[in-house]
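J.: pasted the sequence and its predicted model underneath.
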Amino acid sequence: MPLIPLVGHRALRLRLARAVSRDALPASLLFHGPRGVGKQRLALWLGQLLLCTGTGERPCGQCENCRYGSLLSHPDLRWFFPRPRHGDSDASTQDVLDDYAEALSERSAAGGLYAAPSGTEGIYVASIRALVHVAARTPAIGRRKVFIVGDAERMVQQEGSEYAANAFLKLLEEPPADTTIIVTSSEPGGLLPTVRSRVVAVRVPLMPESDVRELVELPAFASALDDTELPTTVSERVQLASGAPGILLGTHTRREAAAAAASLLKAAEGSLPGPDCVRAVMSVGASKSRGGFTDILDSLTLMLRERVRGALDRGDSRAALGAARAVDVVQDARLRASGNVSPQLLASRLVREIGERLS
């Protein structure tokens, strides 16, 4: 299935297209902005524009490069994004590319639509090695190569990965003349400073209500939504999106994580009866999914950060400091969750430590 049409961001697309026509587009870009505004879809559009060989308005959608690009099967338009850690720590480039080919096939079947990555998905060193390796090749069928690195804040530092990291940084700083790299992030502050210093930042803003409505009304977009977890009317969905329609995807998983996080927070505050407190802790590993647990921790982090902001607005510096310290505790737990630990034991300790910070 071809990618759904790119909706919105007309002014930004015009700026980018003019830069391409003047041969003034930076070789390494960072698209940053709120989650769900379509940064990776915009990057794919720019990739198609750079590869298009049609005449008139570009991307034309008709030439060979555009057709392959719209199906996510163009060998010179590579899209890297968070994936589960490969079972083989020394995975070959071909193993990694085969994994991405399968993932891209799934995204193509959904018109390029996808939910936010789970907590344990990341851009691991094997993916970076594969990207650098492919970047050294000559273009297969196009005039140039385009690499998109989505959710780049999920780029995982690993022991012994210095060579791959340094090679990627050098690629960002001095890409081959026939190569464009587009990094996207909803959390640019989470990017390595060395990455941020090597790219030209382009902010992708929230979409106006009219554009959100146009996208939400597309049959392909509507069919990708979980109707049981969303309002029934288009107007309510547009309002819920708040300018970032991508957040409507994967709503069921996010709501489950948010509910579990809220239970853990209540347990930490001592506002749950003993049996309910135990259930809140034990439920985090019920699915036997470590990714689910880290999604809960991400939701818990957001809740605590909201408390920090609320306390600061009230002028309650003591409560703000306690909530900020609790955020540090959750972030530490998130790091430990990537190891071979019991989610229930980690959650039990987390509840106790958050309670100490908030008291």
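T.: Cool, the structure landed. Numbers count the residues shown, from 1 in each chain.
J.: and Glu102, how many neighbours does it have?
T.: 10 (other Cβ atoms under 10 Å). (Each C-beta comes from the backbone N, C-alpha and C, glycine too.)
J.: how about the helices in the stretch 51-200 of the chain?
T.: If DSSP state H, counting those that start in this stretch is used as the criterion, the helices of the stretch 51-200 of the chain fall at 64-70, 93-109, 125-135, 162-173, 193-196.
J.: in a markdown table, list those helices along with mean pLDDT and distance to Ala323.
T.: A markdown table is the format used below for the helices of the stretch 51-200 of the chain (pLDDT from 0 to 100; distance: least, Cβ to Cβ, whole Å):
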| stretch | mean pLDDT | distance to Ala323 |
| --- | --- | --- |
| helix 64-70 | 95 | 45 |
| helix 93-109 | 93 | 37 |
| helix 125-135 | 91 | 34 |
| helix 162-173 | 80 | 33 |
| helix 193-196 | 87 | 26 |
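J.: may I see these organised as TSV, with distance to Ala17 added?
T.: Formatted as TSV, the helices of the stretch 51-200 of the chain follow (distance: least, Cβ to Cβ, whole Å):
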stretch	distance to Ala17
helix 64-70	15
helix 93-109	24
helix 125-135	24
helix 162-173	23
helix 193-196	25
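J.: between the ones you listed, which gets nearest to Ser263?
T.: Of all those, it is helix 93-109 that lies closest to Ser263, at 31.8 Å by Cβ to Cβ.
J.: and that closest one, how far out from the chain's middle?
T.: Offset of helix 93-109 from its chain centre (Cα atoms, centre = their mean, to the nearest Å): 17 Å.
J.: and that helix, which residues are buried?
T.: Val96, Leu97, Asp99, Tyr100, Ala103, Leu104, Arg107, Ser108 (16 or more other Cβ atoms under 10 Å).
J.: now stretch 130-143
T.: Going by neighbour count (16+ other Cβ under 10 Å), the buried part of stretch 130-143 is Ala130, Leu131, Val132, His133, Val134, Ala135, Gly142.
J.: list the contacts of the last one.
T.: Just to be clear, that refers to Gly142. Leu51, Asn65, His74, Asp76, Leu77 (Cβ atoms under 8 Å, 6 or more residues apart in numbering).
J.: distance of it relative to Arg58?
T.: From Gly142 across to Arg58, the span is 13 Å (Cβ to Cβ, to the nearest Å).
J.: now Arg325. Nearest residue, chain neighbours left out?
T.: Arg357 (4.2 Å; Cβ to Cβ, 6 or more residues apart in numbering).
J.: actually Ala110, sorry about that
T.: Nearest one to Ala110, counting by Cβ to Cβ, 6+ apart, is Ala224 at 5.7 Å.
J.: is it true that that neighbour touches Leu113?
T.: Yes. With contact defined as Cβ atoms under 8 Å, Ala224 counts as touching Leu113 (4.5 Å).
J.: overlap in contacts of those two?
T.: Leu249.
J.: give me the more crowded residue out of the two.
T.: Between Ala224 and Leu113, counted using other Cβ under 10 Å, Leu113 has the larger neighbour count: 22 against 18.
J.: please report how far that one lies from Arg41.
T.: Using Cβ to Cβ, Leu113 is found at 9 Å from Arg41.
J.: pull the number of nearby residues for Gly189.
T.: 9.
J.: do Glu256 as well
T.: Here the number of neighbours of Glu256 (other Cβ under 10 Å) works out to 16.
J.: which of the three states applies to it?
T.: The three-state label for Glu256, taken from DSSP: H, G, I helix; E, B strand; the rest coil, comes out as helix.
J.: got a pLDDT number for the residue nearest the centre of the chain?
T.: Centroid-nearest residue in the chain, with Cα atoms, centre = their mean: Asp151, separated by 3.5 Å. At Asp151, the model reports a pLDDT of 91.
J.: how about it, what does it touch?
T.: Residues near Asp151 by Cβ under 8 Å, 6+ apart: Gln40, Phe81, Pro82, Ala116, Pro117, Ile123, Thr184, Ser185, Ser186.
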